[in-house]
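# Pasting the sequence and the predicted model now:
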Amino acid sequence: MAPSSKPLRGIRVLSLALNLPGPAALMRLHALGARCVKLEPPAGDPMQAYQQGAYADLHAGIRVRRADLKTDAGRKALHRELARADVLLTSFRPSALQRLGLGWTALHRQYPALCLVSIVGAPGPLAEIPGHDLTYMAEQDLISGLALPPTLFADMGGALLALEAVFSALMQRQKRGMGSRQEVALSDAVAWLALPRHWGLTTPKGAVGGAHAGYRVYACKDGRVAVAALEPHFAQALGEAAGVQTSNMLAPATRKALEAWFASQTRRTLDALAQRLDLPLHTLPKG
């Protein structure tokens, strides 16, 4: 990012958060100009063991140190960093933070200007219940059949909410002169991402769930095509190219006509058509 787009330049962030949500948030904080330090346990971050490439990407530009917070030496290292940090980012359960002496009351008393952003699984007392991305997705009815989701929505969504929480805490500190505690729940992140589903937009009868003939994935001769001709002018252009009447894009007959037409087209032909007519479609190999 260009220097002019780094609003967190001069802000120091200390992270104790492991796995994906915390490091993903730290990655974005670093990109926005924050000076980021991460303290890992002696065994390191579990992600380093199961996905080294992801770990390397997430920690590029981050100063990573090892510290055993159960020892005097580790706690001294922690408090040296806390004394100069603006934000502490954690992903422990509240009870674990208390055992480490990092409960909010004690932390705020010792470092009144420090902001704490706690990433938890679920809000409030539910934060003590174990969970992961997959279970929070299941709670929001976002799992189809036995297939795993194509990405980690709770973790990545939670990372963005953590970024939002950092900005909120820093703005409050600027107004009030003291730090605050912000809690970010991964279950809340999924609930936010699931709103289109709950509104009915992405259910099978919803406009962007398959009911609208211009917003679907169709088979073509040598692959598939993701079509997003939702607006009337896109639908009209698609209909004219396909020779299909598109005045009622919710009619099953319209969908069947487009399905037959796409089945007769190759990916190359469709890619050229999209470019020529400025259509929002993207071809894919056979799935």
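Good, I have the coordinates. Numbering: from 1, shown residues only.
# got a list of what Leu250 touches?
Counting by C-beta atoms under 8 Å, 6 or more residues apart in numbering, Leu250 touches Ala207, Ala211, His212, Ala213. For every residue, glycine as well, the C-beta is placed using N, CA and C.
# again with Gln182
Under the criterion of C-beta under 8 Å, 6+ apart, the contact list for Gln182 reads Cys115, Leu116, Val117, Ser118, Ala165, Val166, Ser168, Ala169.
# how does it look with 6 Å?
Contact partners of Gln182, counting by C-beta atoms under 6 Å, 6 or more residues apart in numbering, are Val117, Ala165, Ala169.
# avg pLDDT for the longest helix along the chain?
Counting by DSSP state H, the longest helix found in the chain is helix 153-176. Averaged across helix 153-176, pLDDT comes to 98.
# got the buried residues for that helix?
153-163, 165-166, 169-170, 173 (16 or more other C-beta atoms under 10 Å).
# low pLDDT regions in this protein?
Counting by pLDDT under 70, the chain has low-confidence residues at 1-4.
# looking at it, which residue lies furthest from center?
Centroid-distance maximum for the chain: Gly243 at 40.2 Å, with C-alpha atoms, centre = their mean.
# and the gap between that residue and Arg255?
Distance, Gly243 to Arg255, using C-beta to C-beta, to the nearest Å: 15 Å.
# And for Tyr218?
9 Å.
# sorry, back to before: can you tell me which of the buried residues of helix 153-176 is closest to Gly131?
Closest to Gly131 out of these is Ala154 (8.7 Å), distances taken as C-beta to C-beta.
# quick one: the closest one and Tyr136 touch, right?
Yes: using C-beta atoms under 6 Å, Ala154 is in contact with Tyr136, at 4.4 Å.
# Please identify every residue contacting each of these two.
Taking C-beta under 6 Å, 6+ apart as the contact rule, Ala154 and Tyr136 both touch Leu186, Val190.
# Next secondary structure element downstream of the helix or strand containing Arg197?
Under the criterion of DSSP states H and E, Arg197 resides in helix 195-198. Next helix or strand after helix 195-198 toward the C-terminus (DSSP H and E): strand 215-220.
# Dump that next one to CSV, keeping only the CA atoms.
Extracted in CSV, the C-alpha atoms of strand 215-220 (Å, rounded to 0.1, in the frame of the first residue of the first chain):
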residue,chain,number,x,y,z
TYR,A,215,-27.7,-15.3,-12.0
ARG,A,216,-26.7,-18.9,-12.1
VAL,A,217,-23.9,-21.4,-13.0
TYR,A,218,-24.6,-23.2,-16.3
ALA,A,219,-22.9,-26.0,-18.1
CYS,A,220,-21.4,-25.2,-21.4
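# what does that strand contact?
By C-beta under 6 Å, 6+ apart, the surrounding residues in contact with strand 215-220 are Val208, Gly210, Arg224, Val225, Ala226, Val227, Ala228, Leu230, Glu259, Phe262, Ala263, Gln265.
# If we go by neighbour counts, what in that strand is buried?
So, applying 16+ other C-beta under 10 Å, buried residues of strand 215-220: Tyr215, Arg216, Tyr218, Cys220.
# Would you check how far apart the second one and Gly145 are?
Spelled out, that is Arg216. 19 Å.
# The first one too?
Applying C-beta to C-beta, one obtains 22 Å for the distance of Tyr215 from Gly145.
# Check Asp133 too.
Using C-beta to C-beta, Asp133 is found at 17 Å from Gly145.
# Those two: which is more packed in?
Neighbour count, other C-beta atoms under 10 Å: between Asp133 and Gly145, Asp133 has more, with 24 against 5.
# For that one, which non-adjacent residue is closest in space?
Excluding its sequence neighbours, the residue lying closest to Asp133 (C-beta to C-beta, 6 or more residues apart in numbering) is Ala154, at 4.1 Å.
# Gly287 too?
Distance criterion C-beta to C-beta, 6+ apart; nearest residue to Gly287, sequence neighbours excluded, is Arg224 at 5.9 Å.
# Contacts only, for the one you found.
The contact partners of Arg224, by C-beta under 6 Å, 6+ apart, come to Val217, Leu284, Gly287.
# Nearest to Cys36 among those?
Nearest to Cys36, judged by C-beta to C-beta, of the contacts of Arg224 is Leu284 at 36.8 Å.
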